[in-house]
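Undergrad: prediction below, plus the sequence it came from.
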Amino acid sequence: MTGTIRRFSGIIGMLAVVAFFAISLPDTFLTARNLLNISQQISMLAVVAATMTVVMVMGDFDLSVGAMASLAGVVAAMLFVAGWSIPAALSVALGVGLVGGLFNGLVVSLIGILPFVATLATLTVFSGLAFLISDGRTIFGRDIPEAFGDFARNGPVIGSVDDRLLVFPNLTLVALAVIFIIWVVLEHTSYGRRLYALGGNREASRLAGLPVTSLRLTAFAFTGVGAALAGLMYASRVASANPTQGDGLMLTAIAAVFLGMTITRDGQPRVLATVAGVAILGILDNGLTQLRVDSYVREILVGAIILIAVGFSALSRRNLLRS
Amino acid sequence: MTRLEIQSISRRFGAVQALDGVSFTLNAGEMHALMGENGAGKSTLIRILAGVDRPDSGSLLMDGKPLGLGQTSATQQAGLRFIHQELHPVRGLSVAENMFLDHPYPTRFGLVNWREVHSKAAQALARLGLGHIAPKRPVSDLGAGDQMLVRICGTLIKDERQIDPWLYVMDEPTAALTGEESERLFTVINTLTEQGVGVLYVSHRMPEVLRLSQRVTVLRDGQHIETVPRADTDQDRIIHAMTGRDLSGLFPARTGVLPSSGRPALRVSSLSAGRLKAVSFDVQPGEILGLGGLTGSGRGSLLRALMGDLHRDAGEVLLGAQPLATKPAEAWAQGLAYIPRERRAEGLMLDRSITENVALPHLTPFARGRYFLDPQRQTKIADAEGERVRLKHADLQQPTRQLSGGNQQKVMFARALAGNPSVLLLDEPTRGVDIGARFDLYRIIRALSDAGKAIVMTSSDLPELIGLSDRIAILQEGQMVDIVSSEGMTEAALLSRFYQEQKAA
């Protein structure tokens, strides 16, 4: 009962934010073009947050995703410079994500270092690698193949408004595909349910015969690949790569998962709820920017809203336990 | 001497009348047992005594004067202290620091006076005859029993403000303790009552209650059934008062005949693992083998070694004709099921639903095409197995945290049965389970054995071990010293076997 109130107040809060912007920005906010624009702006965050959900259902998390995103972008760009084809360079960059993620999993599950410490350390390593490979420079201009930069700008045409074509952004399509895959894995495979079981009670899961070590190890591969993919999406969007451009993704992704947890029935991380969290963060950013709110003030507002939402959820959960 | 009068206390939660005009008295220096099935209202009464909850009507009279209701400070001032079953000592701290958790530290020049902390702690420990616990030791070095005793001692520490406690309310204090640890607690309880301190004791363990208490109060469905001197009652009468029905014999009898020959369901040959040394035994299909012994004899380790949770150093284990796997995941798949001792810590995902908990080890066999979940099938199986173990629940999506101890244990049984195992390993299956659910569990265990499942179980409850087992394997310090028939076995005889040959060796 209280759970229902908690969930609905979360959802109503989100709708209120949308309504506020819709009223304040009657001409620009609720247009198809702006919504598609938002969907593209949040697509990289959505990919990182969705894969972050995979490790968070186990009660772990991965701080290295931002650094991995930067690293993957730089790796792809350097390979472009070296004359590699787009598919080859992208495959290697994604491979770097896979290896990095598995390495995180290895350190966390086999050696048993706390995820906080382990991924904080690999964050530094990945970031250092990105600087090392790129020599600290931004790679842009003629070094980046045109087709790579065009990918982010294009997409299937779905109509036209005011004589301008309305494009469904490719990056949004990529994000939707990732979200769908993660949703299937978490909600509809035994693998996913086992990850949830680990989050519920790791010791009980072990005694019930779950392969705890290999589950944790492989789950970190999702965040690694997700982060690398997001890094490539980012590089495509700005048609350049530098060793710090993905760094901001990590905290926002974790915040999105926590925001999502406030609207799930049992307070667990769920990927669709995470997507709602990502959307609300994207809408806030977009709306506040259009209202010409100073970007520093914007950060304060977004942080405060996260605190209020998660804090409210925690309070109503406490009441739930008490009754 | 009557000190606290509980006068027609009533409390209603929604549609449930948790307490309905309950009245009885508590005396100084008396061991008073409070009995009742889960849901009888014991916990609600304790919460009201503790001032955590307010009654709808009724009053508490302390030495003839009304006590403030719903105020924890009032009950503290009145000298009541509460010892809960789930003890949470602070792991990183020493014994003395844990004892001082709810007291201000003595200080000198504004700094903690450690010498006084330790000497006061030592005094309190000595007062209860616990000189063997050093105040400076980390509390995590102690067993669960000593941790409980440290907690009791902590309440004996006095500062200027506090008055001496005269009544301890103990809610299932032995639920997490071994036999010897319980004995030490009983000695402490005796010391306390000799010093004029009263104890209100809640326990599901009938032998303890019969042995220790001077008066027994029974609640049923929120009603006060009776308060009688121990001398005027016995086990049958208490059970009758608790359940409202007569129970003929605690342990259901075997209905079939045990196959004496043929291939054993489980054959263990010279198994060494951890502290276990060259343990060998067979279990026939349908047989219940009890594992008996003192704490540290290796009963739990044996089950863990069979399950593959404890590395097997040497020896051979056959499940039917197959060598038994060495990993829990494969052992489950081969038809072994395990119910761990610590239901909450090792068994359940407390915030997850009944269905999820039942399905946990069986996700692959229950899945469509091996990988994809089949929620309907899971629900159907959880429903069927829940029915089979007489699980009482509101719905299958209910988090298991909301279930009583007995029903949580039934969820564990449902999980074990869902894989249709040939051998079940049960570690203390009725621990912290009330008497009504206990009978259900006994019936389930018996029905499983009648259905041809082999069962290996440990139990610290000797009547239970004797009553259920066909044979009892006696372990001493990791060695299996004997296997005896439970036929005609008495508690005293069994207990003496636990000690006996240790001396000879």
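TA: Okay, I see it. Numbering: from 1, shown residues only, chains lettered A, B, ... in the order given.
Undergrad: so where do the helices sit in the stretch 1-150 of chain B?
TA: Taking DSSP state H, counting those that start in this stretch as the test, the helices found in the stretch 1-150 of chain B are B:42-50, B:72-77, B:95-99, B:114-127, B:144-154.
Undergrad: show me the contact partners of the second one.
TA: So that's helix B:72-77. By C-beta atoms under 8 Å, 6 or more residues apart in numbering or on different chains, the list of residues contacting helix B:72-77 from outside reads B:49-52, B:67-68, B:162-163. Backbone N, C-alpha and C define where each C-beta goes, glycine included.
Undergrad: try it again with 7 Å
TA: Helix B:72-77 has contacts (C-beta atoms under 7 Å, 6 or more residues apart in numbering or on different chains) with B:49-52, B:67-68, B:163.
Undergrad: dump that helix to PDB, keeping only the CA atoms.
TA: What follows is helix B:72-77, C-alpha atoms only, in PDB (Å, rounded to 0.1, in the frame of the first residue of the first chain):
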ATOM      1  CA  THR B  72      10.700   3.200  26.300                       C
ATOM      2  CA  SER B  73      12.200   5.500  28.900                       C
ATOM      3  CA  ALA B  74       9.500   4.600  31.500                       C
ATOM      4  CA  THR B  75      10.100   0.900  31.200                       C
ATOM      5  CA  GLN B  76      13.900   1.400  31.400                       C
ATOM      6  CA  GLN B  77      13.300   3.500  34.600                       C
END
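Undergrad: mean confidence for stretch B:218-235?
TA: Regarding stretch B:218-235, the rounded mean pLDDT is 91.
Undergrad: for stretch B:43-54, same thing?
TA: 89.
Undergrad: on that earlier part again, among the contacts of helix B:72-77, which one lies nearest to chain A?
TA: B:V52 (10.5 Å; C-beta to the nearest C-beta).
Undergrad: count of neighbours near the closest one?
TA: Neighbourhood size, B:V52 [other C-beta atoms under 10 Å in any protein chain shown]: 14.
Undergrad: which residue sits closest to it, ignoring its sequence neighbours?
TA: B:T72 (6.5 Å; C-beta to C-beta, 6 or more residues apart in numbering or on different chains).
Undergrad: looking at the stretch 101-250 of chain B, which residue is nearest chain A?
TA: Across the stretch 101-250 of chain B, the shortest distance to chain A (C-beta to the nearest C-beta) belongs to B:A176, at 15.8 Å.
Undergrad: helix, strand or coil for that residue?
TA: Under the three-state scheme (DSSP: H, G, I helix; E, B strand; the rest coil), B:A176 adopts coil.
Undergrad: related to what we said a few turns ago, please spell out the ChimeraX selection for the buried subset of the contacts of helix B:72-77.
TA: Entered in ChimeraX, the line below selects the buried ones among those, by 16 or more other C-beta atoms under 10 Å in any protein chain shown:
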select /B:49,50,51,67
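Undergrad: tell me which two of the contacts of helix B:72-77 sit farthest apart.
TA: Greatest spacing in the contacts of helix B:72-77, by C-beta to C-beta: B:V52 and B:I163 (20.1 Å).
Undergrad: tell me how far the closest residue to chain B within the stretch 101-250 of chain A lies from B:P340.
TA: Distance from chain B to each residue of the stretch 101-250 of chain A (C-beta to the nearest C-beta) is smallest for A:G200, at 2.8 Å. To B:P340, A:G200 is 15 Å away according to C-beta to C-beta, to the nearest Å.
Undergrad: what of A:I133?
TA: A:I133 is 49 Å from B:P340, by C-beta to C-beta.
Undergrad: check contacts around residue 219.
TA: As the question left the chain open, I've gone with chain A. A:A219 makes contact with A:54-55, A:58, A:105, A:195, according to C-beta under 7 Å, 6+ apart.
Undergrad: hmm, no, I was thinking of chain B.
TA: Counted by C-beta under 7 Å, 6+ apart, B:L219 has contacts B:22, B:36, B:40-42, B:225.
Undergrad: which helix or strand contains it?
TA: strand B:215-220 (DSSP states H and E).
Undergrad: pull out the buried residues from that strand.
TA: By 16+ other C-beta under 10 Å, the buried positions in strand B:215-220 come out as B:215-220.
Undergrad: can you redo the residues you listed as TSV with distance to B:A241?
TA: Putting the buried residues of strand B:215-220 into TSV (distance: C-beta to C-beta, whole Å) gives the following:
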residue	distance to B:A241
B:R215	13
B:V216	9
B:T217	10
B:V218	4
B:L219	9
B:R220	7
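Undergrad: quick check: the residue of the stretch 201-350 of chain B nearest chain A.
TA: B:M349 (2.8 Å).
Undergrad: mean confidence for stretch A:221-236?
TA: Mean pLDDT, taken over the full extent of stretch A:221-236, equals 96.
Undergrad: return the alpha-carbon coordinates of it using PDB.
TA: This file holds the C-alpha atoms of stretch A:221-236, laid out as PDB (Å, rounded to 0.1, in the frame of the first residue of the first chain):
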ATOM      1  CA  ALA A 221      31.400  -7.400 -18.900                       C
ATOM      2  CA  PHE A 222      28.100  -5.700 -19.600                       C
ATOM      3  CA  THR A 223      29.200  -2.400 -18.000                       C
ATOM      4  CA  GLY A 224      32.500  -2.600 -19.800                       C
ATOM      5  CA  VAL A 225      31.000  -3.100 -23.200                       C
ATOM      6  CA  GLY A 226      28.100  -0.600 -22.500                       C
ATOM      7  CA  ALA A 227      30.600   2.100 -21.400                       C
ATOM      8  CA  ALA A 228      32.800   1.500 -24.500                       C
ATOM      9  CA  LEU A 229      29.700   1.700 -26.800                       C
ATOM     10  CA  ALA A 230      28.600   4.900 -25.100                       C
ATOM     11  CA  GLY A 231      32.100   6.300 -25.600                       C
ATOM     12  CA  LEU A 232      31.900   5.500 -29.300                       C
ATOM     13  CA  MET A 233      28.400   7.100 -29.600                       C
ATOM     14  CA  TYR A 234      29.800  10.200 -27.900                       C
ATOM     15  CA  ALA A 235      32.800  10.300 -30.300                       C
ATOM     16  CA  SER A 236      30.500   9.900 -33.300                       C
END
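Undergrad: what stretches of the stretch 201-323 of chain A score poorly on pLDDT?
TA: Where the stretch 201-323 of chain A drops to pLDDT under 70, the residues are A:317-323.
Undergrad: in the stretch 101-250 of chain A, which spans are strands?
TA: Assigned by DSSP state E, counting those that start in this stretch, the strands in the stretch 101-250 of chain A fall at A:157-161, A:164-167.
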